[in-house]
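1. predicted model and sequence follow; I will ask about them next.
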Amino acid sequence: MRKHTRAALLCVAAGMATALTLTACAAGKGGGANSDAAAAPGKDDKITLTVWSNYADREYEEVTKALKTFNKKFPNIEIKHEGSQDDDKITAGIRSGNTPDVALSFTTDNIGQFCSSGAFQPLKPYLDRDKVDLGQISPAVRDYTEYKGNRCAMPMLTDVYAMYYNTGMMSEAGISAPPKTLDELFEDTKKLTKKAPNGDIEVAGYLPTMGFYANRPTILAPSFGAEWATPDGKSALSTSPGFTEMMTFQKKLVDFYGYEALERFRAGLGQEYSADHAFHQGKIAIMMDGEYRTAFLKAQAPQIKFGTAPFPTWKPADYGTAFTTGTIMGIPKGAKHPGAAWELIKHLSFDTDTIVGLSNAIKNVPSTKAAMDSPKLEVDEQFRTFIDLAKSDKLKGNPVTPIGDAHIKAVTDFAVAYTSGKVPDLAAGLKEVDKNIDDQVAKSGK
Amino acid sequence: MTATLTKPPVDVSTEPEQPKKPRDTRGILTWVATHALGLVLGLMFATPVLFVFLTAVMSDDQAFTSDLWPREWHWNNFIGVFDKAPLFQYLFNSLTYSLLATAGMLISSIPAAYALAKLKWRGRNVAFLLVIGAMMLPPQVVAVPLYDTWSSLGLTGTLVPLIAPYFLFDAFSIFLLRQFMLTIPQSYVDAARVDGCSEFQALVRIIVPMAKPGIAATALFCFLFTWNDYFGPLLYTGEVKEQWTLSLALATFKGMHIVQWNSAMAVTFLTMIPAIILFIFAQKSFVKGITFTGVKG
Amino acid sequence: MTATLGARPAPGRGRARARHRLTVLGFMTPAIIGFVLFFGYPLVATVVFSFTKYDLINAPEFAGLDNYAFMFKDPLFTKAIQNTLWFVVVLTFARTVFALGVASVIARLKSGVGLIRTLCYLPSLAPPVAATLVFFMVLRPNGGPFATVLGWFGLDSPLWFSDPSWAKPGITAIMLWISGDLMIIILAAILDVPQEQYEAAELDGAGPIRRWWHVTLPTISPVLLFGIVNSVILALQLFTQAVVAGSAGSGSADSTGSTKYLGFPDNSTLTFPVYLYTQGFRYFDMGYAAAMATVLFVISFAVTIVLVQRMRKGSAAEEGGPGA
């Protein structure tokens, strides 16, 4: 027995030693952080730039086309675009030293982590060296591409969120203009909702349920004037009146429908990423969604006549505000050609024709003022709303945290609990969520 | 003793119990009840798979809506997916992964299962515990240190990290094979030893033929698990599209805000076809039960 | 002779024993190597990570017991454990009994066996994400086939993946539907039961049900216990189906099984592996995820030991039993 025990202990010790060594090696891989701007490639340099993104199918084709426009400036650089790479892959790549030169991510929620951990290289040296004018990009969009003053990403197009309304149903209900305030929204909801004789909901004016489709607290926050953080960086859910109003408004709507009936109705609605979307089917009259929905509606549900407008706000002075987020581009730690990578990012961030072309192709909002003003930009009546909102100074960007989307989940969970009647004391409840979020941020140590 | 043992195992094809023609009412009722139940079960199981097929032939707009029956039958969806993704390449990779992994599993797991089932040695119980314990660690967490190791060996972007482990250790298969081998009467093994076989010969000549149903079942599961494995290939071959398996092809049919459900379901259905064919052939192996006549005297 | 049945007869004892050991070693070597590489090493690494702060990008920093301390403060941790334990109890029982039931029925079929068998196995051939999504469609409360059938009896369909109380039963239903693999294993074992045991029981006057209870079940018990352990492990590692069901329930189903809203509805589908994955790969806190994994492993291993003890009792009876 003693022989076996000793052998076993030796094995464990060897295992631990190996484990620690290998992990330390792997974790430390990917090269050191660069504090200097790497030189731009020469006109004749033959390099292969690897770009990873999560695009697939048709959007992948369009983005590849846009990437290739880079060759006008650098004809000898070959761009290899790998699609269907999500953030997990990017992180794994950085750990293993097998990173792309440019990473495109859909998840702005990870920017806090990417910037603070060095996963995306700081871009300040490049911005300073090339004297880049960030003024082309609106402050809200700049907000969601940096963390605590450390800019590690640039936006590639943006998404802006606003209200969609079914014009046919509006005129049927005798509503002459889309609502501008929450009170109007509530009244209009009541008028637009249709119920069957047995009480089942057939059409919902506005579906409030948090977490459903694009009803995310981050997207709704600007309309309520809700602030996510206090000046000293703590979670502000209980102190910002906007959040209390958000919850109260939610509950008012849910109570109007009846929680059970609303859930039953909602469970039967189509999926967000299908042609069965409730708005396409005329089952909801008003909703919040991003600018991309215009293209889908035109293609999949031409029979639905719709209009777009800024989402109603709590305080009239806030009207014209909107939420923005979008795809981000960064240079991952350990990229082999950071200089060339920066040139590509710069090109995609500021080259007006490229941005306009891509915007027309995948129907996202351009990220620079110049592109938004370009006559080549295809803007129809419904899309114009989003462009105007993107230019406004009331635009609000996705709040950046080091805890991914944990804060969004915490608020969504709370909203569901509150609207289903499980939370007796709203203020106390919000305080608890604040504490939870603060704990998580503290845990992340960033 | 020897005479009984060298009697070849009786091959009972298809039905296990000798059918007694149900002449009495009770028998007929039982027959009807059992078969009705069987039919209901079969339909219940098959219906959702039917929906995969039905969704696959729907138009872009109708796919994944609440409609159950296609308005139009877009048979060319099945052809269309081949244009959108190099499915034959993916098929080849899937076959490589699954076939090699299954082969590796058989080579490494059968002896280990036998050692755990039929050989006596100190530490056997601990070893068995460890085998089961190995299945208890969440794969997502195991992946991190393993991925780092494979990347320092430069083998990410290939199917090697997926296939290699099967040539050494597959806890599920070892466990399952052990359980099947346990049902083989010890007497066969002992008699073989008395006859002078080495353990290896006993394993190959006696145990493996007897455990054929179990081995066939285990091989089938290994194949199917690797066939439908999504996260493994995603992690290790994700950035090298030429190495993608069929399961990853599903990632091709979505955009940022839209999913092409009909194409995704078409690929799903096509992915299932080789598996179904394999199953139809393989089930003959383990349904053909081998009845032990036991050892008398 | 009977007492030492199973042990090698040993004249020249030392040499024979050495040969025996060598044989065992030969048979087990690949498994041992694989075990150390693919399990031992990751396990040790995981435990080591659990005492660190590790964001997957930079080297891990020592953090003592911070991760474990946070578990007590974390409401989602508690919810995740509750959800997974629910599955361990309910899914294990349901899956084993269901697979046993279906296999028993198929074993008795005289005609159309091959067809029914294939139909019952079909779902487990489907890729997990697709299988879950399709089943989600089947269970849809408004107009789905299941709801329609219920409607014939005048019953309202439960809201399944939109109702916190029904989401886990819904996932269980999905897992039952894809339990074809266990069903086939049990079927193979049922078919392996020696014919004469049935004959003997029939002579004793046992009807089909008593024969099933007294002959079939005991004989296939090693495989049944495999089914239980397998179902427990499945429940402990339930990930894909939970994520996909939650994503579909929240209205944003994706063909690749990712989700915008975890644990929908109301964290009822937040299983332990899902939460662990989120912490490690979405919130970049691998240290905490590793701590969670360690906890899961310890609990699971304890459960394993209990189950294996039972199995050893079962198989000890086996080896001394019929056929000896």
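-> Everything's here; your move. Residues are numbered from 1 along each chain as shown, chains lettered A, B, ... in the order given.
2. looking at the stretch 301-446 of chain A, which residue is nearest chain C?
-> A:Gly404 (4.3 Å; C-beta to the nearest C-beta). C-betas here are computed from N, CA, C, even on glycine.
3. can you classify that residue by secondary structure?
-> With DSSP: H, G, I helix; E, B strand; the rest coil as the basis, A:Gly404 sits in coil.
4. so how far is A:Thr107 from it?
-> 8 Å (C-beta to C-beta, to the nearest Å).
5. tell me which of those two has more neighbours.
-> Taking other C-beta atoms under 10 Å in any protein chain shown, A:Gly404 and A:Thr107 do not tie; A:Gly404 has more neighbours (24 against 18).
6. pull the contacting residues for the more buried one.
-> Counting by C-beta atoms under 8 Å, 6 or more residues apart in numbering or on different chains, A:Gly404 makes contact with A:Asp109, A:Asn110, A:Gly112, A:Gln113, C:Thr278, C:Arg282, C:Tyr283, C:Phe284.
7. phi and psi next, for residue 81.
-> In the absence of a named chain, this looks at chain A. phi -110, psi 110 (degrees, to the nearest 10).
8. I was thinking of chain C, sorry if that wasn't clear
-> Here is the backbone geometry of C:Ile81 (degrees, to the nearest 10): phi -60, psi -40.
9. how many residues are close by the closest residue to it other than its chain neighbours?
-> Excluding the flanking residues, the one nearest C:Ile81 by C-beta to C-beta, 6 or more residues apart in numbering or on different chains is C:Phe272, at 6.1 Å. By the other C-beta under 10 Å criterion, the neighbourhood of C:Phe272 contains 29 residues.
10. for A:Thr50, see how far away C:Phe272 is.
-> Noted for C:Phe272: a distance of 36 Å to A:Thr50, by C-beta to C-beta.
11. which strand or helix spans C:Met292?
-> For C:Met292, the host element (DSSP states H and E) is helix C:286-320.
12. show the average pLDDT along that helix.
-> Across helix C:286-320, the average pLDDT comes to 78.
13. give me the helix or strand of the chain that scores worst on average pLDDT.
-> Here I'm looking at chain A. Least confident element among the helices and strands of chain A, by mean pLDDT, DSSP states H and E: helix A:2-28 (a mean of 55).
14. meant chain C, my bad for not saying
-> Ranked by mean pLDDT, DSSP H and E, the weakest helix or strand in chain C is helix C:286-320, scoring a mean of 78.
15. check which residues of it are buried.
-> C:286-297, C:299-301, C:303-304, C:307-308, C:311, C:315, C:318 (16 or more other C-beta atoms under 10 Å in any protein chain shown).
16. which neighbouring elements make contact with that helix?
-> Helices and strands touching helix C:286-320, as assessed by 3 or more C-beta pairs under 8 Å, 6 or more residues apart in numbering or on different chains; DSSP states H and E, comprise helix B:124-134, helix B:139-152, helix C:41-50, strand C:52-53, helix C:66-73, helix C:75-108, helix C:221-236, helix C:272-277.
17. the next helix or strand after the shortest one near chain A at all?
-> On the C-terminal side of strand C:52-53, the closest following helix or strand by DSSP H and E is strand C:61-62. No. Under the criterion of C-beta under 8 Å from any C-beta of the partner chain, strand C:61-62 makes no contact with chain A; the nearest approach is 8.5 Å.
18. adjacent strands (with direction) for strand C:61-62?
-> Using DSSP bridges, the strands paired with strand C:61-62 are strand C:52-53 (antiparallel).
19. which residues does the partner strand contact?
-> Contacts for strand C:52-53 (C-beta under 8 Å, 6+ apart): A:Gly445, C:Pro60, C:Glu61, C:Phe62, C:Ala63, C:Asp66, C:Asp285, C:Gly287, C:Ala290.
20. show me the contacts for the third one.
-> With contact taken as C-beta under 8 Å, 6+ apart, C:Glu61 is in contact with C:Thr52, C:Lys53, C:Tyr54.
21. same deal with the fifth one?
-> Contact partners of C:Ala63, counting by C-beta under 8 Å, 6+ apart, are C:Phe51, C:Thr52, C:Lys53, C:Gly287.
22. from those, which is closest to chain B?
-> When those are compared for distance to chain B (C-beta to the nearest C-beta), C:Gly287 wins out at 11.3 Å.
23. on that earlier part again, quick check, nearest of the contacts of C:Ala63 to B:Gln140?
-> C:Gly287 (14.5 Å; C-beta to C-beta).
24. isn't that closest one right up against C:Ala69?
-> No. Using C-beta atoms under 8 Å, C:Gly287 is not in contact with C:Ala69; the gap is 11.8 Å.
25. is stretch B:142-161 up against chain C anywhere?
-> Yes. Stretch B:142-161 comes into contact with chain C (C-beta under 8 Å from any C-beta), by way of B:Val142, B:Val144, B:Pro145, B:Leu146, B:Thr149.
26. neighbour-wise, which of those leads?
-> Neighbour tally across the residues of stretch B:142-161 next to chain C (other C-beta under 10 Å): the maximum, 28 neighbours, falls on B:Val144.
27. how far away is A:Phe265 from A:Asp200?
-> Per C-beta to C-beta, A:Phe265 is found 7 Å from A:Asp200.
28. more neighbours, those two?
-> Neighbour count, other C-beta under 10 Å: between A:Phe265 and A:Asp200, A:Phe265 has more, with 26 against 12.
29. need the residues of the stretch 51-200 of chain B near chain A, please.
-> Residues of the stretch 51-200 of chain B lying near chain A (C-beta under 8 Å from any C-beta): B:60-66, B:84, B:122-123, B:145, B:147-149, B:151-152, B:156-157.
30. which residue does chain C have closest to chain A?
-> Counting by C-beta to the nearest C-beta, chain C gets nearest to chain A through C:Asn142 (2.7 Å).
31. name the nearest residue to that residue, ignoring sequence neighbours.
-> A:Gly268 (2.7 Å).
32. quick one: neighbours of the one you found, just the number.
-> By the criterion of other C-beta under 10 Å, A:Gly268 has 21 neighbours.
33. again with the one 4 residues further on
-> Close neighbours of A:Glu272, defined as other C-beta under 10 Å, add up to 24.
34. A strand includes it, no?
-> No. Using three-state DSSP, the assignment for A:Glu272 is coil, not a strand.
35. my read: it touches C:Gly249, true?
-> No. Judged on C-beta under 8 Å, A:Glu272 makes no contact with C:Gly249 at a distance of 11.9 Å.
36. how about the contacts made by the closest residue in space to C:Phe49 that isn't next to it in sequence?
-> Computed as C-beta to C-beta, 6+ apart, the closest residue to C:Phe49 that is not its neighbour in sequence is C:Ala290, at 3.6 Å. C:Ala290 sits next to B:Val141, C:Thr46, C:Val47, C:Val48, C:Phe49, C:Ser50, C:Thr52, C:Tyr54, C:Asn67, C:Gly280 when contact means C-beta under 8 Å, 6+ apart.
37. now those: which count as buried?
-> Those of the contacts of C:Ala290 that meet the buried threshold are B:Val141, C:Thr46, C:Val47, C:Val48, C:Phe49, C:Ser50, C:Thr52, C:Tyr54, C:Asn67, C:Gly280, by 16+ other C-beta under 10 Å.
38. residues contacting the third one?
-> Taking C-beta under 8 Å, 6+ apart as the criterion, C:Val47 is in contact with C:Ala290, C:Thr294.
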